[in-house]
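1. Structure for the following, please:
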Amino acid sequence: MNIFKFGGASVNSAEGVRNFVKIVQLYKEETIIVLSAMGKTTNALEEITNDFFAKKKDYEAKFRAVKSYHYDIVNDLFPIKDNAIYEKLEKLFHQLYAYLEKEPSLDYDFDYDQIVSFGEMLSTTIVSEFLRASGSPNKWIDIRTCLKTDDTYREGKVDWELSQKLVPQTFSFNNTFVYVTQGFLGGTTTNLTTTLGREGSDYTAAILSYLLDVDKLSIWKDVPGIMNADPKWLDDAEKLERISYQEAIELAFYGAKVIHPKTIQPIKRKKIPLQVRSFIDYSETGTLISTASKKLETQLPVYIRKDNQVLISIRPTDFSFILEENLSQLFSLFAKHRVKVNLTQNSAISFSVCVDNEEKRLNSLLGDIGDLYEVKYNDGVELITIRHHNDEAVERMTKGRDILLEQRSRDTAQFVIV
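-> Coordinates of the predicted model:
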């Protein structure tokens, strides 16, 4: 049994969907396909959510744009208009618009999950129908019925015990060879939609791999495999042929975009190999993540850039020392506002932290911290991480830039720069 995860870039057009079908039809094993929303649909639905929550009617034009985008793809794939896909699609858009006509709740994260989740529902519905029309019978599954989480909206915590019971029952492969389901989504025990964190479809695939004891997980991307840098950033990026689970965890933790940070732990526990492959050149083998290699074979420097960062500097108002109780209090506030910390550094009287610029959460956090401490911050900064650094790699990343904060260990160097 295999699990294939395809990202939104793989099905961002009718041509992309056709290419996806070609790949799936090459494989004869029992297969579960985990799919993200098409193209930039998640971004568009996030904008709609923001307008909806702010009670702006601007969302109506954006809603029409999302609808038009999906219908353009469907019209290309299904020239005969009486195909069942049109009725299914119209039902989903009707449900989405009905939600947008309601009053927002008091919880932005709740509304976010109920709205943004339509991206995956739309993509999987279209792809499942086109697979069927292309001669590949399959079963569409609503993942929310079996992958159960708590009610931490936008960051649902998996109920492993309940999911372990429901997932094998759902994906039983009785009279079914191929399943199509959504990444990113989960459901509460009261049947409300949750999401697993931005870019969480990889994590969905890893969860299913763990719960079903699959032979291998394949994640299909628009790059040849895991690179030592984002090729859209550094055009001389090189592919890593094989890395260990440990190295993959490190890269994901520091922000490598190819893998979601939570993806590796479930498959590592059961030693399930993960192959990161290209849906563009699908004859290539990509990068293998497994127990087989303890370190990167070539020890190439690996460059990771996180932009749109905020560097926050905190100190007691009376210039007293930063002690353990201060750090405990500060980390409690970060946890309360669900702001992920990317880098920390403390001195005798100050504490600095680099975080993603998530405006809503950050403003609330800074308000709470400002009640207790003196706070300064720099926004619009970059966090550069170099794994397996050397002098040449550091020079390449920092030359001509202002370094606001620097940290180095044996294997990793990090710089907050402007």
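
2. Point out where this protein drops to low pLDDT.
-> Where the chain drops to pLDDT under 70, the residues are 292-298.

3. So which residue is smack in the middle of this protein?
-> Residue closest to the average C-alpha location in the chain (CA atoms, centre = their mean): residue 199, at 1.3 Å.

4. Could I get the contacting residues of that one?
-> Applying CB atoms under 8 Å, 6 or more residues apart in numbering to residue 199 gives the contacts 184, 257, 260. Where you see a C-beta, it was placed from the backbone N, CA and C, and this is true even at glycine.

5. you'd agree the last one is up against residue 200?
-> Yes. Under the criterion of CB atoms under 8 Å, residue 260 lies in contact with residue 200, with a separation of 6.0 Å.

6. before we move on, the earlier item: which one of the contacts of residue 199 is nearest to residue 89?
-> Residue 89 has its nearest neighbour among these in residue 184, at 19.3 Å by CB to CB.

7. Would you indicate which residues of the helix or strand residue 48 falls within are buried?
-> Using DSSP states H and E, residue 48 falls within helix 41-53. Residues of helix 41-53 classed as buried by neighbour count (16 or more other CB atoms under 10 Å): 41-42, 44-46, 48-53.

8. For these, please prepare JSON lines with the additional fields distance to residue 265.
-> Below are the buried residues of helix 41-53 laid out as JSON lines (distance: CB to CB, whole Å):
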{"residue": "41", "distance to residue 265": "28"}
{"residue": "42", "distance to residue 265": "23"}
{"residue": "44", "distance to residue 265": "31"}
{"residue": "45", "distance to residue 265": "28"}
{"residue": "46", "distance to residue 265": "27"}
{"residue": "48", "distance to residue 265": "32"}
{"residue": "49", "distance to residue 265": "29"}
{"residue": "50", "distance to residue 265": "32"}
{"residue": "51", "distance to residue 265": "36"}
{"residue": "52", "distance to residue 265": "34"}
{"residue": "53", "distance to residue 265": "32"}
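
9. and which of the residues you listed is nearest residue 131?
-> Each of these was scored against residue 131 by CB to CB, and residue 41 proved nearest at 19.2 Å.

10. How are the strands of the stretch 301-418 of the chain distributed by residue range?
-> Assigned by DSSP state E, counting those that start in this stretch, the stretch 301-418 of the chain shows strands spanning 302-316, 341-346, 351-356, 373-387, 403-408, 412-417.

11. can you pull the contacts of residue 148?
-> Residue 148 makes contact with 158-159, 162-163, 166, 186-189, according to CB under 8 Å, 6+ apart.

12. Let's see that with 7 Å instead.
-> By CB atoms under 7 Å, 6 or more residues apart in numbering, the contact list for residue 148 reads 159, 162-163, 166, 186-187, 189.

13. Out of those, which is nearest to residue 89?
-> residue 187 (21.6 Å).

14. Surely that closest one is in contact with residue 144?
-> Yes. The pair residue 187 and residue 144 passes the contact test of CB atoms under 7 Å, sitting 3.2 Å apart.

15. overlap in contacts of those two?
-> residue 193.

16. Residues in contact with the longest helix that the chain contains: which ones?
-> If you go by DSSP state H, the chain has its longest helix at helix 59-77. Residues from elsewhere that reach helix 59-77 (CB under 7 Å, 6+ apart): 13-14, 17, 38, 41, 44-45, 47-48, 51-52, 85, 89, 93, 97, 100, 122, 126, 130.

17. and if you look at stretch 16-33?
-> Contact with stretch 16-33 is made by 1-4, 6, 10-11, 73, 77, 127, 130-131, 134, 136, 171, 173, 177-181, 208, 279, 282, as judged by CB under 7 Å, 6+ apart.

18. what's the residue of the chain positioned farthest from its centre sitting at in phi/psi?
-> Outermost residue of the chain with respect to the C-alpha centroid, by CA atoms, centre = their mean, is residue 318; its distance is 41.3 Å. Per-residue torsions, residue 318: phi -100, psi 10 (degrees, to the nearest 10).

19. Residue 289 now?
-> Phi and psi for residue 289, reported as degrees, to the nearest 10, are phi -110, psi 120.

20. dump the residue contacts of the nearest residue to it once chain neighbours are set aside.
-> Leaving aside its chain neighbours, residue 289 sits nearest to residue 274 (4.2 Å; criterion: CB to CB, 6 or more residues apart in numbering). For residue 274, the contact set (CB under 7 Å, 6+ apart) comprises 217, 219, 267, 289.

21. The third one: neighbouring residues, count only.
-> Residue 267 is flanked by 24 other residues according to other CB atoms under 10 Å.

22. Buried ones in stretch 151-166, by neighbour count?
-> Using 16+ other CB under 10 Å as the test for burial, stretch 151-166 gives 152-156, 158-159, 163, 166.

23. Good, wrapping up.
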